[in-house]
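In: okay, sequence plus prediction incoming.
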Amino acid sequence: DVAVVGVTARLAALAGFVLQAAQSFILPDLTASMAVQHRDKTLALLWKTNVLTLVLSLAALITCLLLGEFALRIFGAPYTVGFTLLLVFLFGQMVRAIGGMNQQILALHGYQMRTASSCVVALMVLIAGAILLTRAYGMNGLGFAVILAEIVWLGALAWQAGRLCGLRGDFLWLLFNRPAKAGGH
């Protein structure tokens with residue numbers, strides 16, 4: 001089980017790397033637009049990045065549905081039992097994509113140390129969730145615990161970004177706060 005969890009986590013981490021890289025591409029432009037307080041440009045950049053990462057995470061999830069068992073079989077037939085866990089981990093990457101760039105916004109405003117409290121709370125949720133959910137759902141419970149911790153962490157970061165920066169980078173907030181010209185793209 002440990003080997004299966006490790007392989008599925010690493011495969012999902014590849015998708016996470018792609019999402020993180022996509023977010024990193026806009027950091028210079030985001031920093032510049034935030035420095036001159038060009039709110040519409042900032043919101044447009046955040047919106048485009050959120051849409052891109054959401055599409056990428058959805059593509060990873062669909063690819064896994066189609067080829068996930070084949071990919072796991074490369075490691076050996078016993079690894080195919082991790083298919084559901086891989087789907088859960090990739091769904092967690094989609095949750096992260098929806099969470100957007102609040103951590104980066106907080107760091108660009110100089111609040112990176114304040115995000116530590118969100119990390120600690122999420123870590124406690126992860127540990128408690130892993131203990132409780134793996135008992136009930138086996139190794140898939142670990143995936144559910146990861147998603148739960150991710151939601152808590154991203155929610156806390158969204159709250160902090162809104163409170164401290166007056167700006168949030170998550171998909172749901174941007175859905176209602178993007179500039180009109182970003183809607184046509």
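Out: Yes, it's here. Numbers count the residues shown, from 1 in each chain.
In: ok, Arg96 - contacts?
Out: Gly16, Leu19, Ser57, Glu150, Leu154 (Cβ atoms under 8 Å, 6 or more residues apart in numbering). From N, CA and C alone the C-beta is placed, and that goes for glycine too.
In: and it, what helix or strand is that in?
Out: For Arg96, the host element (DSSP states H and E) is helix 83-99.
In: what's the average pLDDT for that helix?
Out: Averaged over helix 83-99, pLDDT sits at 95.
In: so for it, what gets flagged as buried?
Out: Within helix 83-99, the residues that qualify as buried are 83, 85-99, counting by 16 or more other Cβ atoms under 10 Å.
In: all strands for the chain, in order.
Out: Under the criterion DSSP state E, the chain contains no strands.
In: quick check, central residue of it?
Out: Arg96 (1.4 Å; Cα atoms, centre = their mean).
In: roughly how far apart are the residue of the chain most remote from its centre and Leu66?
Out: Here the chain reaches farthest from its C-alpha mean at Ala77, the gap being 29.4 Å by Cα atoms, centre = their mean. Distance of Ala77 to Leu66, given as Cβ to Cβ, to the nearest Å: 19 Å.
In: okay, buried residues for the lengthiest helix in the chain please.
Out: The residue-count maximum for a helix in the chain (DSSP state H) belongs to helix 39-73. Residues 41-47, 49-54, 56-57, 60-61, 64, 68, 71-72 are the ones in helix 39-73 that count as buried (16+ other Cβ under 10 Å).
In: which elements pack onto that helix?
Out: Counting contacts by 3 or more Cβ pairs under 8 Å, 6 or more residues apart in numbering; DSSP states H and E, helix 39-73 packs against helix 2-25, helix 27-35, helix 83-99, helix 171-177.
In: how close does Val7 get to Leu72?
Out: From Val7 to Leu72 the distance is 7 Å (Cβ to Cβ).
In: great, nothing more from me.
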